[in-house]
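# Sequence first, predicted model second:
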Amino acid sequence: MRIHIATGSNLGDRLEQLNEADRRMALELGQVTRVSPTYSTAAIGMDPGTPDFLNRITELELSAPWSQQPERVMAALLGIEQDMGRMRSATGYTSRPIDLDIVLWGDQTIELAALQVPHPRMLRRRFVLQPLADLVPDQRIAGDGRSVAQCLADLPADVPQIAPWP
C-alpha cells in the first residue's frame, strides 16, 4: 500500500526535522519511495511573528503488517511526532517541530472516528496540494474525483501562496 504523508515543521532545524521524520517513518512503517520538493509556508492562523513552516509530501510504501491498518499507522505517526517533541494543543494551531498527516491512502476513502482520508482540509491547502502534485499530479482524490493537479488549479486566488525552499 502506497500512502502520502504531509510533513511540516516550523521549530528548530526545520529541514532536519523533516528528514528525521522520514527516517523514522522508514524505520517503523515501510520504505520512503519519494519525497516532494520542500516549500516555505507562512504560519497561517497563528500569531504574528510565528516562524514559517517548511512543508513537503513523503510517499511511503507500507510494509505488509501496516498496509491494512490505517489507525495503527496514524498512531505510529503520532508517536513519531511525540518522540520528536510535538506537544498537541486543544486551543488551535501552535508551532511544532513536526507535523505528520496522512493525506492519501492509495485511492481509498477512510472514515474512522480518529482518521479521515483523504485529509478533510487538504483541498483548501496549497502547501499540501502543490507538493502532492509534484509527486502524483494525475492521482484522483477519492470522494472528489478530480486529480491532484486539478484540485491545485481550482484553488481560489485567496489561498495563500507558498515558495520553493531554499
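Now that the structure is in, tell me what you want to look at. Residues are numbered from 1 along each chain as shown.
# CA atoms for contacts and neighbours, from now on please.
OK.
# Over to the closest residue to Leu135 other than its chain neighbours: give its phi and psi.
The shortest distance from Leu135 to any non-neighbouring residue, by Cα to Cα, 6 or more residues apart in numbering, is to Ser36 (6.1 Å). Note on Ser36: backbone dihedrals following degrees, to the nearest 10 are phi -70, psi 170.
# any idea which helix or strand comes after the helix or strand where Glu61 lies?
Assigned by DSSP states H and E, Glu61 belongs to strand 53-62. Going down the chain from strand 53-62, the next helix or strand is helix 70-83, by DSSP H and E.
# In this structure the residue nearest to Leu135 contacts Leu132, no?
Yes - taking contacts as Cα atoms under 8 Å, Ser36 lies within contact range of Leu132: 7.1 Å.
# Compare those two (neighbour count), which wins?
Set Ser36 next to Leu132 and count neighbours by other Cα atoms under 10 Å: Leu132 wins out with 27 against 18.
# ok so, going back, while we're on the residue nearest to Leu135, how confident is the model there?
For Ser36, the model assigns a pLDDT of 98.
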